[in-house]
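Undergrad: Structure for this input, please:
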Amino acid sequence: MSLTYARHLAGMLILALAGCATAPPPPELTSENAPAALPRKVELSAVPYFSQEDFQCGPAALAMVLNHAGVKSDPAALKPEVYLPEREGSLQVEMAATVRRHGRVAYLLEPALGDVLEEVARGTPVVVLQNLALDWYPVWHYAVVIGYDLDRKEIILRSGREQRQTLSFFTFQNTWARSAHWAMVAMPPEHIPATAREARYVSAVNVLGKTGDLPAAHAAYLAAAERWPQSLGVQIGLGNVAYLMKRLDIAEQAFRRAVDGHPDSVAALNNLAQTLSDLGREEEALGYVQKAVALGGPLQDIARSTQADIERKLKQ
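TA: Here you go, the predicted model:
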């Protein structure tokens, strides 16, 4: 059997994150209440610029952040991946999917301007979605935040046909709020966003792994394990990807760390048992899966199935 528990765990993480969209809007950021650790002024002048054609702000914004993340591309090449002619634009889900198709982690930021500025301060440009008109007559537009000036209360963007657009915090936050503060970074898998939250990041890497780019997902989980070494989601994710790559030695190590840190995790116990069974260590595997079955819970049937497979092998 495959590592079914990993799919259940990933689903729970995604559902938990769905509530973020309904969170109350963050307070307006001013130069006075900005995080103290932020430099007063930052501009990522090395971020490449691509001027957009009509309705092509999505491909242009993606080309900028992907090139900055080490992926050579341009708006013309990205247009077939992300542009929807019938909508004369690009949906957020297609923007994130395109980032993943190019082996990068698409991470959606928390809806707070402070997080956007912190990413920029750490050297990462941020794609944002704005409504440049009114709620009842929207004009949607993707731009790339490349800098800010706290003293002037300004944000700096690559936007449309403007290589360097400056907007006041007030104007930017009004246009950005109309998209429910949608913001995304495209990260090389070995680098984690400065503002990343554990569950949200594990969910993003899990989706990357589902594209089939297992080496990228593996690299992302390794980086996550450095930041959150005690994370159950990270260790199970790392183990699952290693298992699918047929690196059972790495999978075993990851699942052991998960079991050591979370001995009551049925997912960790089951996946460790399955890996040990695949390594031909049935007696050892049986002990772990018996513990998983004894814990019960909604995943008990899957643990019972694993146990039955192991017991069948022992009788052969």
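Undergrad: how about the helices in this protein?
TA: Remark: helices assigned in the chain by DSSP state H are 4-18, 57-68, 75-82, 92-101, 113-121, 169-177, 198-210, 214-227, 232-244, 248-261, 266-278, 282-295, 300-315.
Undergrad: Which of the ones you listed sits closest to H191?
TA: Closest to H191 of the helices of the chain, according to CB to CB: helix 214-227, at 6.7 Å. For every residue, glycine as well, the C-beta is placed using N, CA and C.
Undergrad: Output the helices of the chain in a markdown table, with mean pLDDT, mean neighbour count and distance to E190 appended to each entry.
TA: Below are those laid out as a markdown table (pLDDT from 0 to 100; neighbours: other CB atoms under 10 Å; distance: least, CB to CB, whole Å):
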| stretch | mean pLDDT | mean neighbour count | distance to E190 |
| --- | --- | --- | --- |
| helix 4-18 | 30 | 16 | 21 |
| helix 57-68 | 95 | 26 | 15 |
| helix 75-82 | 89 | 18 | 23 |
| helix 92-101 | 94 | 19 | 15 |
| helix 113-121 | 97 | 22 | 17 |
| helix 169-177 | 96 | 18 | 29 |
| helix 198-210 | 96 | 22 | 12 |
| helix 214-227 | 97 | 20 | 5 |
| helix 232-244 | 96 | 26 | 14 |
| helix 248-261 | 97 | 20 | 16 |
| helix 266-278 | 95 | 26 | 24 |
| helix 282-295 | 96 | 18 | 31 |
| helix 300-315 | 93 | 16 | 32 |
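Undergrad: In TSV, list those helices along with distance to Q163.
TA: Formatted as TSV, the helices of the chain follow (distance: least, CB to CB, whole Å):
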stretch	distance to Q163
helix 4-18	34
helix 57-68	10
helix 75-82	14
helix 92-101	21
helix 113-121	16
helix 169-177	17
helix 198-210	29
helix 214-227	30
helix 232-244	39
helix 248-261	45
helix 266-278	48
helix 282-295	57
helix 300-315	54
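Undergrad: How many neighbouring residues does K246 have?
TA: 10 (other CB atoms under 10 Å).
Undergrad: what about it, distance to F169?
TA: 51 Å (CB to CB, to the nearest Å).
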